[in-house]
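S.K.: fold the following.
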Amino acid sequence: MATLDDIVGNFEFLDDWEDRYRYVIELGRSLDEMPESDKTDTNKVQGCVSQVWLTHTVDRTNPDDPVLTFKGDSDAHIVRGLVAIMLAACSGKKASEILTLDESALFGQLGLIEHLTPQRANGLRSMVKRIKQEAAAAAAKTAISN
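M.R.: Numbering: from 1, shown residues only. Presented below is the predicted three-dimensional model:
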């Protein structure tokens, strides 16, 4: 999977929106397949027109700031690409990093916001909200156990 730095660099190189659109789809194709057993109502992101599923694990090796690793999938090509971008931005990161992510700035830098339909933009916000909720829950659980 591409790193966030790779994705940002590639977007800077691509001038045409159609090329960027194809790249988002390519990013989605690079995602690992999510097992059908993980495509449950519990893992489904509410607020997305397309179906989006997210799972995560929490590594508490650093008890003060756990690391979350996410997996995701969607039944729509462009949305699957947006999932890939969010995973590059958040997966393998500390809860504190996820909670301070400025997703509006990120997607503005990529030039995606103005090209997303209102439904996709709402779905993206729902996905970000879910990721940040999981990070907050992991951080809160760590704080309670300390």
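S.K.: what ranges do the helices span in the protein?
M.R.: Taking DSSP state H as the criterion, the chain carries its helices at 4-13, 17-29, 77-90, 95-99, 103-110, 118-145.
S.K.: run through who's touching the fifth one.
M.R.: Yep, that's helix 103-110 we're talking about. L4, I7, V8, F11, R20, I85, M86, A89, I113, L124, V128 (Cβ atoms under 8 Å, 6 or more residues apart in numbering). C-betas here are computed from N, CA, C, even on glycine.
S.K.: select, out of the helices of the chain, the one closest to D64.
M.R.: helix 118-145 (6.8 Å; Cβ to Cβ).
S.K.: just checking, W53 touches F70?
M.R.: No - using Cβ atoms under 8 Å, W53 is not in contact with F70, being 10.6 Å away.
S.K.: so for this protein, the centremost residue is which one?
M.R.: Centroid-nearest residue in the chain, with Cα atoms, centre = their mean: M86, separated by 2.3 Å.
S.K.: residue ranges with poor pLDDT in the chain?
M.R.: Scanning the chain for pLDDT under 70 picks out the ranges 142-146.
S.K.: can you pull the buried residues of stretch 117-137?
M.R.: Buried residues in stretch 117-137, defined by neighbour count with 16 or more other Cβ atoms under 10 Å: R120, A121, G123, L124, S126, M127, V128, R130, I131, K132, E134, A135.
S.K.: burial measure for the closest residue to L27 other than its chain neighbours, as a count.
M.R.: Excluding the flanking residues, the one nearest L27 by Cβ to Cβ, 6 or more residues apart in numbering is A84, at 4.0 Å. By the measure other Cβ atoms under 10 Å, the count of residues near A84 is 25.
S.K.: and for D32?
M.R.: Counted with other Cβ under 10 Å, residues neighbouring D32 total 10.
S.K.: likewise L87?
M.R.: Neighbourhood size, L87 [other Cβ under 10 Å]: 23.
S.K.: likewise the one 5 residues further on?
M.R.: Residues near G92, counting by other Cβ under 10 Å, number 14.
S.K.: now the residue lying closest to it once chain neighbours are set aside: how far from Q109?
M.R.: Distances taken as Cβ to Cβ, 6+ apart place T69 nearest to G92, at 5.6 Å, with adjacent residues excluded. T69 is 24 Å from Q109, where distance means Cβ to Cβ, to the nearest Å.
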